[in-house]
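> Curious how this folds, go ahead:
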Amino acid sequence: MTSPLHRVIADELRHRIRSGAAPVGSSLPSEAQLCEEFSASRGPVRQALAALREDGLIGGGQGKRAVVLDAVPTQPFASFLSFTRRAELTGCTPGQQLQEISLRRPEPEVAAVLQIAPDDLVVQLLRLRLLDGRPAMLERMTYIEPVGRPLIDADLNAGSIYAMLAARGVDLHSARHTFDAVAADAVDAKLLEVPEAFPLLRERRLTTDSRGAPLEWSEDRYRPDVATVTVTNTRSARAAML
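Numbers count the residues shown, from 1 in each chain. You can find the predicted model right below:
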C-alpha cells in the first residue's frame, strides 16, 4: 500500500533531521521549495510540517521557514497507545529484546498497587525497547496472573504486548502515567548502554480495565537522548472561563 504523500514528505524530513543532514538550528526548505522537490501541492507539505511540529522537531510558521529544534524522537502520550504504535507514528522503527520473564510472587508494593494478595502470582518481565536499532527504553512490567500467563509462551520479540493481549480479548481500557527522573542502576546502564547514575526519564504506569480493575503495573526507563515524551493538552471553552 502506498503511503499518503504528506507522510512520505514527513518521513523524509524526519530522516534528514535525525541523520544530521538538517542539523538543530538550521532552516528547512521553504514550502515552495518542498512543493517543487516532492511534486506536491501546498496541502501535503503543510500537513507534513504540522506533523513535525507536533513531534517537537521543528518550530516556526506564519510564512517563516521551519527551524529544526530537536533531533530526538518524541513519544506522544495524548492517547492510550503502545510504545510500538507511538514509535511508528513518529516515523521510527521499533524493536524489542526480551531479557527475562517469570511467574512469581510480587513485591509488597506492587501487590498493593495491583490490589492483589501478597501470595498471589504475577507475571513479571524485563524487556529492552529499541528505536531505529538504538537502545531507547527498558520495561519492567508486572501483569496479574490471568492476564500475563499467556505471555510466558508467546514470542515477545515479535512486537507489541498490548496488541497481543488485545487480540486475546484483554480489556485494556485506560492507563495512568506518572513521570519523574531517576539515576540509571547497574541493569539500566548495561542494557541502555549508558554510565551508571546517568539520568533517565521514568514512566510508572497503572493499566486498568473498563471497570477500573488493575491489570498491569509497569516501570519504564527512557534514555532522554534517544527518546522523549510529549503530552498535548487543549484548553476547553469551559476551562477558559474559570
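> just checking, Ser26 touches Ala66?
No. Contact criterion Cβ atoms under 8 Å: Ser26 and Ala66 do not qualify, at 9.9 Å. Every residue, glycine included, has its C-beta placed from N, CA and C.
> so where's this protein uncertain?
Applying pLDDT under 70 to the chain flags residues 1, 60-63, 70-82, 85-91, 228-242.
> can you pull out the strands in it?
Along the chain, counting by DSSP state E, strands occupy 58-59, 67-68, 74-76, 94-104, 122-131, 134-144, 174-183, 199-208, 214-222, 228-230.
> Only the buried residues of the fifth one, if you could.
Within strand 122-131, the residues that qualify as buried are 122-131, counting by 16 or more other Cβ atoms under 10 Å.
> Report the angle between it and strand 94-104.
170 degrees (axes from the mean of the first three to the mean of the last three Cα atoms, to 10 degrees).
> Any idea how far stretch 148-166 is from the middle of the chain?
Offset of stretch 148-166 from its chain centre (Cα atoms, centre = their mean, to the nearest Å): 17 Å.
> what does it contact?
By Cβ atoms under 8 Å, 6 or more residues apart in numbering, the residues outside stretch 148-166 that reach it are 82-85, 96-98, 101, 103, 122-125, 127, 141-143, 147, 168, 172, 216.
> just to revisit the earlier point, out of Ser26 and Ala66, which sits in the busier spot?
Neighbour comparison, Ser26 and Ala66: the larger count goes to Ala66, with 23 against 14 (by other Cβ atoms under 10 Å).
> domains for this protein, by residue range?
Per the record, the chain has its domains at 5-68, 74-230, by automatic domain parsing.
> Can you give me the end-to-end span of the first one?
Start and end residues of domain 5-68 are separated by 21 Å (Cα to Cα, to the nearest Å).
> State the separation between that domain and the centre of the chain it belongs to.
Domain 5-68 sits 22 Å away from the centroid of its parent chain (Cα atoms, centre = their mean).
> just stretch 117-135 next, same as before
Its chain's average C-alpha position is 15 Å from that of stretch 117-135, according to Cα atoms, centre = their mean.
> what are the ranges of the helices in this structure?
Secondary structure of the chain (DSSP state H): helices at 5-19, 31-38, 42-55, 83-89, 108-114, 145-148, 161-167, 186-192, 237-241.
> for those helices, which one sits closest to Arg223?
helix 186-192 (5.3 Å; Cβ to Cβ).
> what packs against the closest one?
Applying 3 or more Cβ pairs under 8 Å, 6 or more residues apart in numbering; DSSP states H and E, one finds that helix 186-192 contacts strand 122-131, strand 134-144.
> hmm, back to that, got CSV for the strands of the chain, with distance to Glu36 too?
CSV is the format used below for those (distance: least, Cβ to Cβ, whole Å):
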stretch, distance to Glu36
strand 58-59, 19
strand 67-68, 20
strand 74-76, 29
strand 94-104, 33
strand 122-131, 31
strand 134-144, 33
strand 174-183, 42
strand 199-208, 40
strand 214-222, 38
strand 228-230, 31
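> Out of these, the one nearest Ser3 is which?
strand 94-104 (17.2 Å).
> Weed out the non-buried ones from the contacts of stretch 148-166.
Among the contacts of stretch 148-166, those classed as buried by neighbour count (16+ other Cβ under 10 Å) are 82-85, 96, 98, 101, 122-125, 127, 141-143, 147, 172, 216.
> re earlier: would TSV of the helices and strands packed on helix 186-192 with distance to Arg46 be doable?
Formatted as TSV, the helices and strands packed on helix 186-192 follow (distance: least, Cβ to Cβ, whole Å):
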stretch	distance to Arg46
strand 122-131	27
strand 134-144	30
